[in-house]
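1. Have a look at this fold, sequence not included:
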């Protein structure tokens, strides 16, 4: 899988993806820092990236309007870079079991010290 890491998350997530055998780029490293969210979505779609973000509210709305996308991973809690890396590793493990998240969202959250994973479709099937 190919991942685009949003600028609200640590650049270290690129290395986490690479260690798991995936291609990943950080928004800041591809010259897209400061872009509006809709531009990030367009770029991710055009380049067939699964977008990884912490900005749940905005990207849920934007992805709900997309007829086809490679997927969205949302790290819900606003946590430090080290914990972001741990949550992203967990997300990669879930994706390895689940498969490519085409038109799906994987939300990663914390329940106490335990990571939780929720998959759902966006846009919603009619």
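-> Structure received. Because the structure is predicted, anything quoted here is derived from the model rather than measured.
2. okay, CA-based contacts and neighbour counts for the rest of this
-> Will do.
3. so the residue positioned nearest the centre of the chain, which of the three states?
-> In the chain, the residue lying closest to the centroid (C-alpha atoms, centre = their mean) is residue 52, at 1.8 Å. Here residue 52 is strand, with the state taken from DSSP: H, G, I helix; E, B strand; the rest coil.
4. How about the contacts made by it?
-> 3-6, 72-75 (C-alpha atoms under 8 Å, 6 or more residues apart in numbering).
5. Closest to residue 13 out of those?
-> residue 5 (7.2 Å; C-alpha to C-alpha).
6. Pull the number of nearby residues for that closest one.
-> 27 (other C-alpha atoms under 10 Å).
7. With residue 57 instead?
-> That count, for residue 57 with other C-alpha under 10 Å as the rule, works out to 10.
8. how close does it get to residue 64?
-> To residue 64, residue 57 is 11 Å away according to C-alpha to C-alpha, to the nearest Å.
9. cool, and residue 103?
-> 9 Å.
10. swap in residue 76?
-> From residue 76 to residue 64 the distance is 17 Å (C-alpha to C-alpha).
11. same deal with residue 120?
-> For residue 120, the distance to residue 64 - C-alpha to C-alpha - is 11 Å.
12. Do a quick rundown of the strands in the protein.
-> Here the chain has its strands, by DSSP state E, at 2-5, 23-26, 50-53, 72-75, 104-111, 114-121.
13. Export those strands as JSON lines, with columns for distance to residue 33 and mean pLDDT.
-> Below are the strands of the chain laid out as JSON lines (distance: least, C-alpha to C-alpha, whole Å; pLDDT from 0 to 100):
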{"stretch": "strand 2-5", "distance to residue 33": "11", "mean pLDDT": "98"}
{"stretch": "strand 23-26", "distance to residue 33": "9", "mean pLDDT": "97"}
{"stretch": "strand 50-53", "distance to residue 33": "13", "mean pLDDT": "98"}
{"stretch": "strand 72-75", "distance to residue 33": "18", "mean pLDDT": "98"}
{"stretch": "strand 104-111", "distance to residue 33": "23", "mean pLDDT": "96"}
{"stretch": "strand 114-121", "distance to residue 33": "28", "mean pLDDT": "95"}
